[in-house]
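Q: quick one: sequence and predicted model below, then my questions.
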Amino acid sequence: MAYQQPSQSRYGHCDSYFVEQAQDDGIYAIRAEKRERDRAIARMQQRAIAEELSKLTAMEYQDDVMEHMEHMESQTLPDVNSIDIQTEIQWFMRPYLLDFLVEAHAAFQLLPETLFLAVNLLDRYCSRRVVYKRHYQLVGCAALLIAAKYGDKKDRVPTVRELKSMCCSLYDDEMFTQMEWHVLQTLNWIIGHPTVDAFLQLALSESSYDPEVEHMTLYIAEIALFHKEFVSTKPSVLARSSLALARCILSRTQASTSEWAGAYDPQTVMSLSNHLYQPSQVLSRKYASMHHSSVSATVDDFLQRQAQIARRTAAAAPPTPPTALIEESKLVADPYLGPQTPQKTQYGTIVQHGCLTPPITPENEQFTHGHMAKSQGLPHVYPSTPTPDHSSNMQHQAQYYHNTYLPPQHL
């Protein structure tokens, strides 16, 4: 039977069975927009309720959290005396390694607490193990890798290949993983060290947020990493003292003595202020950016004003005995008064080590090179450290680091 087309309906010819009227499109769009707006408002309300509950919970357990943090910081402090008895690494090598870690930390855009934790792991390892000069940078890279894995964003954790590239391929992949394992074993897998940044966030929560004060405090605290006298200082003391000094430089109101941030140590504040002069150039460049509120330039301006005040005060002072005049003229002639951050060209002496030594570093093919040289009676040569070229990239700095520290027989 032949197929017969259906007769045309009274609504007219239509190519589709799905018919929507024009006015319905606007109604559906309005309803969909209203649903999305209601969902967004509900999400905002839920987020506000969650933040309020988090604040209430934090206030309820704040005393317990603070007590635990203060207990942990005393348990995870490095020992300066143990680092002093190292047979190869010396304190004048520290600025080289810290400059490298600061640039690597900035290149991977890691959190501020990661840098403080990495330096803590490095110092704690050096407090327990003998570290050869040729492995000093390897320990620093392993500490940075562990700190990043512990508390930073997972997509920013550096890979072994990236760290190897920064070290100019002077270490094999297996050496990074083996040193990472050995650092963890040496520290008994205790990584949870309360950093200066952790205590700083607690102190800043007591007042309105001021990014310039936060950046200035971090800048001062990172300057302290370069100095031996602050290695065994508790992070809580360093955080409060750095915050008090930052507020003084920026002419901000100090915290009251009833607040936790107001209980700072005046002696530590004075010591920090004495080390603001001529900081590490890498650190100064880092905090000269607008991202960090240009606090390094602010410190330089502050120091220049203080030097001008010192000159005017010295000019108006009454005559003093000749010896005092000579000493005062030396101070006034220098625009930066006080101790300076260790620089790479100022360390020509070798720190005397004690009689006892910590346990030896891992004994295998990678880590016995320096021990073999020592057993064979090869002399240890400490060449002079020329001024590094700060315009070069991190790879050139890593190569310079190794060429400076390795004796000729190890190259």
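A: Arrived safely. Numbering: from 1, shown residues only.
Q: which strands and helices sit next to the strand or helix carrying residue 141?
A: Assigning secondary structure by DSSP states H and E places residue 141 in helix 136-151. Secondary-structure packing of helix 136-151 (3 or more Cβ pairs under 8 Å, 6 or more residues apart in numbering; DSSP states H and E): helix 94-107, helix 112-128, helix 160-166, helix 173-186, helix 394-405. Where C-beta positions appear, they are placed from N, C-alpha and C, glycine not excepted.
Q: residue 136: which of these is closest?
A: Taking Cβ to Cβ as the measure, these were each checked against residue 136, and helix 94-107 came out nearest at 6.0 Å.
Q: report the buried residues of that closest one.
A: Judged by neighbour count (16 or more other Cβ atoms under 10 Å), helix 94-107 contains these buried residues: 94-106.
Q: the residues you listed: which two are farthest apart?
A: When the buried residues of helix 94-107 are compared pair by pair using Cβ to Cβ, the farthest-apart members prove to be 94 and 106, with a separation of 18.3 Å.
Q: ok, so what distance separates the residue positioned nearest the centre of the chain from residue 122?
A: The residue lying closest to the centre of the chain (Cα atoms, centre = their mean) is residue 115, at 2.8 Å. For residue 115, the distance to residue 122 (Cβ to Cβ, to the nearest Å) stands at 11 Å.
Q: and residue 288, by the same measure?
A: With the distance defined as Cβ to Cβ, residue 288 ends up 25 Å from residue 122.
Q: neighbour count winner among those two?
A: When neighbours are counted by other Cβ atoms under 10 Å, residue 288 and residue 122 differ, and residue 122 comes out ahead with 27 against 17.
Q: what sits against the more buried one?
A: For residue 122, the set of contacting residues under the criterion of Cβ atoms under 8 Å, 6 or more residues apart in numbering consists of 97, 139-140, 143.
Q: low-confidence ranges in the stretch 251-400 of the chain?
A: 317-400 (pLDDT under 70).
Q: strands of this protein, start to end?
A: Assignment of strands within the chain using DSSP state E yields no ranges at all.
Q: in it, where's the longest helix?
A: Among the segments of the chain that qualify as a helix by DSSP state H, the longest is helix 22-75.
Q: what's the closest non-adjacent residue to residue 204?
A: Taking Cβ to Cβ, 6 or more residues apart in numbering, and ignoring the residues beside it in sequence, residue 204 has residue 214 as its nearest neighbour in space, at 6.2 Å.
Q: is it true that that neighbour touches residue 203?
A: No: in this structure, residue 214 sits apart from residue 203 without contact. The criterion is Cβ atoms under 8 Å, and the distance is 9.9 Å.
Q: so which elements touch the longest helix of the chain?
A: With contacts defined as 3+ Cβ pairs under 8 Å, 6+ apart, helix 22-75 has these neighbours: helix 196-204, helix 235-249.
Q: take the ones you listed and write them to JSON lines, including mean pLDDT and distance to residue 183.
A: Shown next, in JSON lines, are those (pLDDT from 0 to 100; distance: least, Cβ to Cβ, whole Å):
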{"stretch": "helix 196-204", "mean pLDDT": "89", "distance to residue 183": "21"}
{"stretch": "helix 235-249", "mean pLDDT": "93", "distance to residue 183": "20"}
